[in-house]
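Visitor: What shape does this take:
(chains A and B)
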Amino acid sequence: MVLILLVAIWQLSCWLFEIPKWLLPAPSEIWLEGITGWGNYRSHLVSTVKLSFMGLLIGSGVGIIIAVTLHSLPKLREAFYPIIILTQNIPIIVLAPLLVIWFGFGMLPKIIVITLVCFFPITVAALDGFRHTTAELTHYMKMAGASKKQIFWKVEWPYALPSLFSGLKIAATYSVMGAVISEWLGAKEGIGVFMTLASSSFRTDRVFVAIFLIMILSLIFFALISSLEKIIVKWKPKGEGKN
Amino acid sequence: MENITKSFEGNKVLEELSFHVNEGEFVTIVGPSGSGKSTLFHLIGGLYTPDSGDIRMDGERMNGQRGAISYTPQSPSLLPWRTVLDNILLSGEINGEKYELEALRMIERAGLKGYEQAYPSELSGGMQQRVSFIRSLMSPQSLICLDEPFSSLDEFTRMEMQNWLLSIWEENKRSILMVTHHIEEALYLSDRIIVLSGKPAKIKKEFSIPFPRPRQESIILSDEFLQWKRNIYNELRGT
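Guide: Residues are numbered from 1 along each chain as shown, chains lettered A, B, ... in the order given. Alright, predicted model coming up:
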């Protein structure tokens, strides 16, 4: 509702104040460009989807591996946790050109950028999940003679799944952003490229099309992860109401 | 248990504790709260090693050895993402075995038929505790340790659960070591009762309970039962 209202206000003000199209196009014009320009940006869209999907996959893999490693080796966690936080303090915009200098214009630097953006929420969420496993469950497992490995796979891992998925959802939306940023730096195709081209030729309507594409893409990724979560996590953690 | 002593940071918690559980016997330890009952279980479970003394099972020394007993904790501690059946199979899984048919039979015996595929959150407290107990029954170890298994239940459910436990146990005759602070519960269920003193825990007295088995619920109102209760109560109070 609020969204519809906002769009309506936007549309009306464009008409009333006769704002030039290159400054702020009306939603109707963006919509029109979105439909008629499909052929222009289709290949860009496909390449961004591929890139962000791959990045998300690799990023989550790296994130989970880091979380599991740090969890099973508490000393390592103490040593590396601050470093992991530091990696998030480096602005990606600054880091990305460096990566291009080191690794060229291929896939590698782009995947690295997305991985850097994606792994963090996953690692933090998973680590929290592992650590907050109810003490009584681990206590029972220990008394029953379970090995560390059994405790991990039978208790800690399933216990951490819901929070792992929260991390994945954040990472999924970040991955699209990461992909677009990495495309700005140098790519033949992608929404990022489409966006730069559009803004340098004052096709503001196309810039907005790109923005909406990014938003829609993020939402789709988010929805995919959510449905995956519904399939895998069939139980509700305590405190959450039953659906 | 032979001459077990255990201290934490200089505080002696258990002192020269010696007792045993015979095959197929139901032994209960009662003691004031904070008398080191859980420490005792942690020692038997192998989470800690005693400072001195030996824990033996079937003659074998098992200090600090895990997985030698089957354990029913105070709270049901069921894995919320597993169904009743899968939770019961867990104890076998830890030991690398799966007895699905046997588990299904036990579930039926426990009056939980139809709940095999239910999740723990859908069960009442008493039912969860039953599942937890069947889980330890399904474990292959010969000694079952019950850690105040009924303390979280209300009085009616507690009585019901005690009867249920007795009926299941009388069928299976496993060795049970229970810890509780509920004197009536100890009297009603056990063959022997060991009374512990407060810190550091020592064995104050051991009682053999003569009530015949199978136990009738009516005994808890008999004069003899109340006399026993008085004796143990006085022993606990140290008078």
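
Visitor: just checking, what packs against the longest helix anywhere in chain A?
Guide: The single longest helix within chain A, with elements called by DSSP state H, is helix A:38-72. Applying 3 or more Cβ pairs under 8 Å, 6 or more residues apart in numbering or on different chains; DSSP states H and E, one finds that helix A:38-72 makes contact with helix A:74-87, helix A:107-131, helix A:157-184, helix A:191-200, helix A:204-232. Where C-beta positions appear, they are placed from N, C-alpha and C, glycine not excepted.

Visitor: which stretch among the ones you listed comes nearest B:Pro50?
Guide: When these are compared by Cβ to Cβ, helix A:74-87 sits nearest B:Pro50, at 26.3 Å.

Visitor: Skipping adjacent residues, who's closest to A:Ile58 in space?
Guide: Across the structure, with Cβ to Cβ, 6 or more residues apart in numbering or on different chains as the measure, the residue nearest A:Ile58 apart from its sequence neighbours is A:Thr115 (5.4 Å).

Visitor: and B:Ser142, what are its phi and psi?
Guide: The phi and psi values for B:Ser142, taken as degrees, to the nearest 10, are phi -80, psi -30.

Visitor: Please report how far it lies from A:Ile92.
Guide: The spacing between B:Ser142 and A:Ile92, counted by Cβ to Cβ, to the nearest Å, is 60 Å.

Visitor: returning to that earlier point: show me what counts as buried in the longest helix of chain A.
Guide: By neighbour count on 16 or more other Cβ atoms under 10 Å in any protein chain shown, the buried set for helix A:38-72 is A:41, A:44-45, A:47-49, A:51-56, A:58-60, A:62-64, A:66-68, A:70-71.

Visitor: For it, give the mean pLDDT please.
Guide: Per-residue pLDDT values across helix A:38-72 average out to 89.

Visitor: so how far is B:Ala103 from whatever residue of chain B ends up closest to chain A?
Guide: The nearest approach of chain B to chain A comes at B:Gly67, 1.8 Å away (Cβ to the nearest Cβ). The span separating B:Gly67 from B:Ala103 equals 19 Å under the rule Cβ to Cβ.

Visitor: Assumed B:Gln74 was part of a strand.
Guide: No: the assignment for B:Gln74 (DSSP: H, G, I helix; E, B strand; the rest coil) gives coil, which keeps it out of a strand.

Visitor: Does it touch B:Cys145 like I think?
Guide: No: taking Cβ atoms under 8 Å as the contact criterion, B:Gln74 and B:Cys145 are not neighbours in contact, 11.2 Å apart.

Visitor: between these two, which one's more packed in?
Guide: Set side by side, B:Gln74 and B:Cys145 show more neighbours around B:Cys145, with 23 against 20, by other Cβ atoms under 10 Å in any protein chain shown.

Visitor: and the strand or helix carrying that one, what does it pack onto?
Guide: Remark: B:Cys145 resides in strand B:143-147, with elements defined by DSSP states H and E. In terms of contact count using 3+ Cβ pairs under 8 Å, 6+ apart, strand B:143-147 is assigned the packing partners helix B:37-45, strand B:70-72, helix B:125-137, strand B:175-180.

Visitor: Please, where are all the helices along chain B?
Guide: Counting by DSSP H, chain B has helices at residues B:37-45, B:84-94, B:100-109, B:125-137, B:155-172, B:183-189, B:223-237.

Visitor: Same list, those helices, but as TSV with distance to chain A please.
Guide: Rendered in TSV, the data for the helices of chain B read as follows (distance: least, Cβ to the nearest Cβ, whole Å):
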stretch	distance to chain A
helix B:37-45	4
helix B:84-94	5
helix B:100-109	15
helix B:125-137	8
helix B:155-172	18
helix B:183-189	21
helix B:223-237	26
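
Visitor: can I get these in CSV with mean neighbour count?
Guide: What follows is those, written out as CSV (neighbours: other Cβ atoms under 10 Å in any protein chain shown):
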stretch, mean neighbour count
helix B:37-45, 22
helix B:84-94, 21
helix B:100-109, 15
helix B:125-137, 23
helix B:155-172, 16
helix B:183-189, 22
helix B:223-237, 14
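
Visitor: Can you get me a residue count around residue 178?
Guide: Using chain A here. Here the neighbour count serves as a burial measure; for A:Gly178 (other Cβ under 10 Å) it reads 27.

Visitor: think we crossed wires, I meant chain B
Guide: Going by other Cβ under 10 Å, the residues that sit close to B:Met178 add up to 23.

Visitor: looking at it, it is touching B:Ser190, isn't it?
Guide: Yes: using Cβ under 8 Å, B:Met178 makes contact with B:Ser190 at a distance of 7.1 Å.

Visitor: Mutual contacts of these two, please.
Guide: Here B:Met178 and B:Ser190 share the contacting residues B:Phe26, B:Val27, B:Thr28, scored by Cβ atoms under 8 Å, 6 or more residues apart in numbering or on different chains.

Visitor: pLDDT at the second one, what is it?
Guide: At B:Val27 the predicted local distance difference test score is 89.

Visitor: Which residues does it form beta bridges with?
Guide: With DSSP bridges as the criterion, the beta-bridge partners of B:Val27 are B:Leu177, B:Arg192.

Visitor: returning to what we had before: of all the helices of chain B, which lies closest to A:Met141?
Guide: Put simply, out of the helices of chain B the one that sits nearest A:Met141 is helix B:84-94, at 7.3 Å, with distance taken as Cβ to Cβ.

Visitor: What ranges in chain A fall below the confidence cut-off?
Guide: Within chain A, the set of residues satisfying pLDDT under 70 comprises A:235-243.

Visitor: one more time with 90, if that's ok
Guide: A:1-4, A:6-48, A:71-114, A:116-119, A:128-162, A:173-174, A:177-178, A:180-210, A:212-213, A:229-243 (pLDDT under 90).

Visitor: Which residue is it, in chain A, that comes closest to chain B?
Guide: Of all residues in chain A, A:Gly145 sits closest to chain B, at 1.8 Å by Cβ to the nearest Cβ.

Visitor: show me the residues around that residue that make contact.
Guide: A:Gly145 makes contact with B:Gly45, B:Gly46, B:Arg66, B:Gly67, B:Ala68, B:Ile69, B:Ile94, B:Asn95, according to Cβ under 8 Å, 6+ apart.
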